[in-house]
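**Student:** Predicted coordinates and the sequence they were generated for:
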Amino acid sequence: MLDMKKALSKLDGKDVSVEATKIKIQATHKTQSEESLIRDEQQVIEEGFFEKNPPRVWMDYSVTKNLGNYESLKFNVGISVPVGQKLPEELTAQIMETYGYASDKIGVVIEKELAATLELLKKKSNG
């Protein structure tokens, strides 16, 4: 974790704070008779110093995997990424760059977490 005391100081005369890139993961298992939330968590994957209250890029993606026999797994991953504030004409370029970064991160996480969750369901059904 970054030092909050340093974050509350001034940087080049501007108020700064620690802002985090966060991933939210939800997985729902649905059968013919019930639906249950099997994962609901948020992870901080990076932190950094930003001007207070920076704009954020938010993206989420859902995928539903048909498991057969009237079962499915719905997987939702969202990412929130703070955008560093610079001069206004540079802000749009930063948002687009951050959007690309968020898209890359979310793709990696969803593949990894989907595989892990499918493995967990497989173990539950065998045990």
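**Tutor:** Sure thing, it's come through.
**Student:** from here on, contacts and neighbour counts on C-alpha atoms
**Tutor:** Fine.
**Student:** got the residue ranges for the strands in this structure?
**Tutor:** For the chain, the strands defined by DSSP state E occupy 10-11, 14-30, 35-51, 56-68, 71-82.
**Student:** export the ones you listed to JSON lines and tack on mean neighbour count?
**Tutor:** Output for the strands of the chain, formatted as JSON lines (neighbours: other Cα atoms under 10 Å):
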{"stretch": "strand 10-11", "mean neighbour count": "13"}
{"stretch": "strand 14-30", "mean neighbour count": "19"}
{"stretch": "strand 35-51", "mean neighbour count": "14"}
{"stretch": "strand 56-68", "mean neighbour count": "14"}
{"stretch": "strand 71-82", "mean neighbour count": "20"}
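**Student:** export those strands to CSV and tack on distance to residue 97?
**Tutor:** Below are those laid out as CSV (distance: least, Cα to Cα, whole Å):
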stretch, distance to residue 97
strand 10-11, 23
strand 14-30, 14
strand 35-51, 16
strand 56-68, 10
strand 71-82, 11
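**Student:** Make CSV out of those and add distance to residue 121 and mean pLDDT.
**Tutor:** Formatted as CSV, those follow (distance: least, Cα to Cα, whole Å; pLDDT from 0 to 100):
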stretch, distance to residue 121, mean pLDDT
strand 10-11, 49, 52
strand 14-30, 9, 86
strand 35-51, 10, 88
strand 56-68, 10, 92
strand 71-82, 9, 93
